[in-house]
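Engineer: Show me how the following folds:
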Amino acid sequence: MIQTFIKKLILIGLISTTYLFAETQSFTVENDALASHDDGYYTNGLFYTYIDEIEHPSYLNFMKDLKTDGAISFTHLMFTPENKKQTTAQFNEIPYAGYAKLNFLLYKSSKNYFHEFGFNIGLVGPSTLAEEFQSNFHSLIGQDKAKGWDTQLKDQFTSGISYQFAYKTDSFNIGNVNIDWTNNIRIDAGNFYSGILASSTIRIGSIAYDSFATTGNFTVTDENHLINSQYPKDFNWSISFGLFANQIENYYIINEARDLGYNLEKLDYISGEQVNYTIYYDEIQYTFTIKSVYLNDHLFTSANKQWGGLTISWKF
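Structural biologist: Purely as a prediction, here's the structure:
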């Protein structure tokens, strides 16, 4: 019953993007194997985003002079312990879990800054089909199936709200490259994740870009990279480097595991860095991302964790 409901929810969300007259979209796949030899904790993610400019809502008259964009995105995340041969719960490692989310976003922006208002609904548990997805993928690439999915976290509906603000400097030219600098802060409140994140990102590119380069999300992908996106007909490139700090109040995967008796420290604070390499050509962007997260507890076998992401964005 819950699996049928979540599938219908995803379908309704994707169909609703037609009301945004979506002209820009992106697809991202993330995996820890793209950046390191580790395979555990947050191990895989899929993201799909629509965004387009819409008429400004009357209830935001105080921002009526700003450009308005509406967006909807679908997220699917997978969490596993590093030891996948054990069939029973591993109480010294993070539990198996799948997470699926629909995120509805409204942006008010100018050339140099944006406000992002978000609302999300989601689900943790077997109904996200994380076990089936990983098993099929491992069979495809010739790896053994993880044996502990019977111990994964049970179904739990989630919801939350978010607000983000970012400011970007005007681009300035040094030699043959253009440089801009973006700072942002993001606040999330919900029963899956609550926290405050601040980041600072410097971007170097072959031209001056109107889009925003941020590290404003807990995982790699952040929908706001599509705001004011440019798609030059000729070849262009950019490289960005960002640092972030994240104070965490609630993180369901860890907190629920602790309630079930897992020997995990509460996740209160993380910091990290993110590097993006982007190529622009003929209304398509190709981005490769590496994100490193640092923390001082024993959630991982080492003190840091890396993810990699591949993103394709295009206009239609």
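Engineer: all helices for the stretch 201-316 of the chain, in order.
Structural biologist: Under the criterion DSSP state H, counting those that start in this stretch, the stretch 201-316 of the chain contains helices at 252-259.
Engineer: what's the distance between Gly308 and Ala33?
Structural biologist: As judged by C-beta to C-beta, to the nearest Å, Gly308 and Ala33 stand 8 Å apart. The way it works is simple: take the backbone N, C-alpha and C, and place the C-beta from them, glycine included.
Engineer: the more surrounded of those two?
Structural biologist: Neighbours per residue (other C-beta atoms under 10 Å) separate Gly308 from Ala33, with Gly308 holding more: 17 against 14.
Engineer: mind checking the SS state of Leu106?
Structural biologist: strand (DSSP: H, G, I helix; E, B strand; the rest coil).
Engineer: which strand residues sit across from it in the sheet?
Structural biologist: Beta bridges link Leu106 to Gly70, Phe117, judged by DSSP bridges.
Engineer: for Ala189, same thing?
Structural biologist: According to DSSP bridges, beta-bridge pairing links Ala189 with Ile161.
Engineer: same question, Ile290
Structural biologist: The partner residues for Ile290, given DSSP bridges, come to Val275, Gly308.
Engineer: Determine the number of other residues adjacent to it.
Structural biologist: Counted with other C-beta under 10 Å, Ile290 comes out at 17.
Engineer: hang on, it packs against Ala35?
Structural biologist: Yes. In this structure Ile290 lies within contact range of Ala35 using C-beta atoms under 8 Å: 4.8 Å.
Engineer: which neighbours do these two share?
Structural biologist: Common neighbours of Ile290 and Ala35, counting by C-beta atoms under 8 Å, 6 or more residues apart in numbering, are 306-308.
Engineer: quick one: which of the residues you listed is nearest Met63?
Structural biologist: Comparing the shared contacts of Ile290 and Ala35 against Met63 with C-beta to C-beta places Trp307 closest, at 34.0 Å.
Engineer: That closest one against Thr28, yeah?
Structural biologist: No. Counting by C-beta under 8 Å, Trp307 sits too far from Thr28 to count as a contact (11.0 Å).
Engineer: the more surrounded of these two?
Structural biologist: Remark: of Trp307 and Thr28, Trp307 carries more neighbours, 26 against 23, as counted by other C-beta under 10 Å.
Engineer: what residues are up against the more buried one?
Structural biologist: Listed by C-beta under 8 Å, 6+ apart, the contact partners of Trp307 are 30-32, 34-35, 42, 45, 219-220, 290-291, 293.
Engineer: Kind regards, and thank you for your time.
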